[in-house]
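Engineer: Sequence first, predicted model second:
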Amino acid sequence: MSTLSETPALDVLQSPPASRAALSPHLGRWLLHGFVGLVLIFLLLPTLLVVPMSLGEASYIQFPPKGFTLKWYHAYFADADWMSATWFSLKIAVATTVSATIVGTLASFAIVRGSLPGAAALQALTLAPLIVPHIVLAVALYLVFAPIGLTGNFFGFAIAHTMMSVPYVMLTVSASLQRIDPALELAALNCGATRAQAFWHVVLPNIAPGVAAGAVFAFLASFDEATVAFFISGVEGKTITRKLFEDIDYNLTPVIAAASTVMVVISLVLMGGVEWLRSRGAKAAP
Amino acid sequence: MANATVAATDRATAGQLSRPASLTLALPLILLLGLAFLLPVAKLLWGSVFTPSPTAENYLRIVQEPIFLKILLRTVQTAAVVTCLAFVLGYPVALVMSKLGGRAAMLVAACVLIPLWTSVLVRSYAWIVLLQRTGVVNSTLMSWGVINEPLKLIYTEGAVIVAMTHVLMPYMILPIFSSLRSIPPELDRAARNLGAGPWTSFIAVTLPLSLPGIYAGSIMVFILALGFYVTPALVGGPQNLTIATLIGQQTTELLNWPFAGALAGVLLVVTLGLVGLFRRFLRFGKGA
C-alpha cells in the first residue's frame, strides 16, 4: 500500500519552508526523547535500587553502599520469622492461584457461553474488587474474619485473596474464550462428546494461554498484596508483605532490602513467563 | 457434571450452556463474591449507620470536625496533584512508546511494566531508601556540596506525592498508549501533508484522538490515589494522614469501627460514583 508521503511531488510540499521549521522538529524530537528517558529512569531506578542496598556492608541505609556482602541474604534465609512469613505467603499464593483459576475459568465459561440471568451484573460485580479501595476491603474483611478466627489464618487469606484475584483470571479467560470459534465446541458435541469432554479436550487447550496468564496474575496479585494482608495477618500467621511492613516501620535493616530483592526476582521471573506465553501465543495465531 | 441429555438440548441452542448448567458453573464465583466481598462491605457500612439505633452521627462527624475535613481535602488534593503529574510525565512516554517498534518498544514497555508488577511495598520502601536522612538523595546532594545539612524529605506531603506518582504512573501510561496505538498513522501524515507542523498536527489530531485514553488513565490514577493505603502509611507518616490511613488508624488504634465504616462509606461512594460517571472509558486489567 502506497502512502501519501511516498509520492515525490507531495514530499516537496511536506518539506518545511523556513529554516526555523527545519530545525525545530529535530530539536523537539531530542527534547521529547530526553524527557522520556528521564521519566523511564524515574520509573525503573527506585525499584532496582533495592538490589545494591541489599549487598552493602553497613547495617543501616547508606549510600553509596560500601563493600560487598551476602550476609543480609544469609540473615534473611536464617531468620525463622522471615522464612515462615515467606512460606506462608507462597502457600497462600499457590492456593489462591489454584482456586481463583478454577472459579474464574468456570464462571467465565458460564458468562461467555452460557445463558446466565444477570450476566452483565455479575460481570460488573466481578470487577468490583479491582475498583473498591483495598483499605475498605481490608477493614471489612477484618470485621467479618476476626470473630470467626479467620485472621492470621491460611483459609482466611486464601478466601480473601481469591476474591481479589478472580477478576484478573476472568479478564484473561473471557478474552480467550471470545476469540475461539464456538463451532469447534459444537463439532465436538455433535460428534457425541459430553459437555465436560468438549470443554476438557476442545475448549481448554484453546484457552490455555489465557488461563495460564490469569493464573500468573492471580499468583502475583496474592503474593504482592499488602493492604488486606496487613489487616488480616495475625501474630502467628503473617505474610511476607506484613513482615516487610512491620520491619520498615520499626527496624530498617538491609535484611529488608534482601527480602525485597527476593520478592522482585520472583515477580519478574513470573512476568517474564507471561510475556513468553504471550509471544508464543502471538506466533501461533495465524 | 454434564450428561448426554444436556448435550442433546444444547445442540438446539447452538452450543449454549443451559441455564442450570451456567448457574452451576458460576455458583462458586457468586458465593465467593457474596460472602467475601458483599457481606463484609455491607457489614462495615451497616455498622456506620446502625449503632444499633439508626444515626447519621458518624457521617456528620466527618464534615463537622475540621481535622477530618482537612484530611479529606488533603486526600483529594494529593490525588489530583498525583493525577496531573502522572499525566504530564506519562503522556510523552506513551507517545514515544506508540511510535517505536521492535526492540526499543519492548525496552520502554519493560520499564513501564516492571514497576507495575513489583510489590507496592517494595517500591514504597525504595522511596524511603531514597528520601531518608542518610538516604540516596541527601547523601548525593551533600557529597556534591549542594547542601550541608540533610533535608527533611521523608514523612512530608511532597514525599507522598512523588512516591505515589511513581507507583501509579503505569496506570496512566497504559490506557493512553493503547488509545494512541489505535489512531491510524495516516491521519498524522495527512495533517503534515496539508502543511501542519509536527506540533500543530499533534495538538489538532493526535491529542484529541487520544482523549479516551487520557480520561481512562486519569480516572484510574485518581481513584487509586484516593484510596491508597501502603504508600501514604509508610512514606507520609502519621502527620500526613489521608482518608485511607485515617481509616486504618481508626480501626487499629482507636477501634472506632462505626466511624471507620462511615469514612469507608464516603470513600466507596466517591470511588464508585467516579467509575459510574466515566464507565465508558474504563477497561480494567494490569496487562498491557
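Structural biologist: Thanks, I have it.

Engineer: What pLDDT is listed against the closest residue to chain B within chain A?
Structural biologist: Nearest residue of chain A to chain B: A:P133, at 2.4 Å (Cβ to the nearest Cβ). All C-beta spots, glycine's among them, are computed from the backbone N, C-alpha and C. A:P133 is assigned a predicted lDDT (pLDDT) of 94.

Engineer: Excluding sequence neighbours, find me the nearest residue to the residue nearest to the spatial centre of chain A.
Structural biologist: A centroid search over chain A (Cα atoms, centre = their mean) returns A:F217, at 4.2 Å, as the residue closest to the centre. Spatial nearest neighbour of A:F217, chain neighbours left out: A:Y168 (3.7 Å); criterion: Cβ to Cβ, 6 or more residues apart in numbering or on different chains.

Engineer: Thought A:S222 was touching the one you found, still the case?
Structural biologist: No - assessed by Cβ atoms under 8 Å, A:Y168 is found out of contact with A:S222, at 10.1 Å.

Engineer: so B:A159 makes contact with B:W127?
Structural biologist: Yes - here B:A159 reaches B:W127: they are 6.9 Å apart, a contact under Cβ under 8 Å.

Engineer: List the residues that are in contact with both of the two.
Structural biologist: Common contacts of B:A159 and B:W127 (Cβ atoms under 8 Å, 6 or more residues apart in numbering or on different chains): B:V235.

Engineer: Looking at those two, which one has more neighbours?
Structural biologist: A count of neighbours by other Cβ atoms under 10 Å in any protein chain shown puts B:W127 above the other of B:A159 and B:W127, at 26 against 23.

Engineer: Contact partners for the more buried one?
Structural biologist: So B:W127 contacts A:46, B:159, B:162-163, B:166, B:231, B:235 (Cβ under 8 Å, 6+ apart).

Engineer: Which one of those is nearest to B:V96?
Structural biologist: Distances from B:V96 to the contacts of B:W127, taken as Cβ to Cβ, are shortest for B:H166 (18.6 Å).

Engineer: and the closest residue to that closest one other than its chain neighbours, helix, strand or coil?
Structural biologist: Distances taken as Cβ to Cβ, 6+ apart put A:P46 closest to B:H166, at 6.2 Å, once the chain neighbours are dropped. What DSSP: H, G, I helix; E, B strand; the rest coil gives for A:P46 is helix.

Engineer: wait, A:P46 sits on B:R123?
Structural biologist: Yes - with contact defined as Cβ under 8 Å, A:P46 counts as touching B:R123 (6.2 Å).

Engineer: who touches both of the two?
Structural biologist: Counting by Cβ under 8 Å, 6+ apart, the residues touching both A:P46 and B:R123 are B:115, B:166.

Engineer: any idea of the mean pLDDT for the host helix or strand of B:P20?
Structural biologist: Taking DSSP states H and E as the criterion, B:P20 maps to helix B:19-33. Per-residue pLDDT over helix B:19-33 has a mean of 90.

Engineer: on contacts alone, who are the packing partners of that helix?
Structural biologist: In this structure, helix B:19-33 packs against helix A:80-113, helix A:119-131, helix A:154-179, with contacts taken as 3 or more Cβ pairs under 8 Å, 6 or more residues apart in numbering or on different chains; DSSP states H and E.

Engineer: Now render these as CSV, adding mean neighbour count.
Structural biologist: What follows is those, written out as CSV (neighbours: other Cβ atoms under 10 Å in any protein chain shown):
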stretch, mean neighbour count
helix A:80-113, 21
helix A:119-131, 17
helix A:154-179, 24
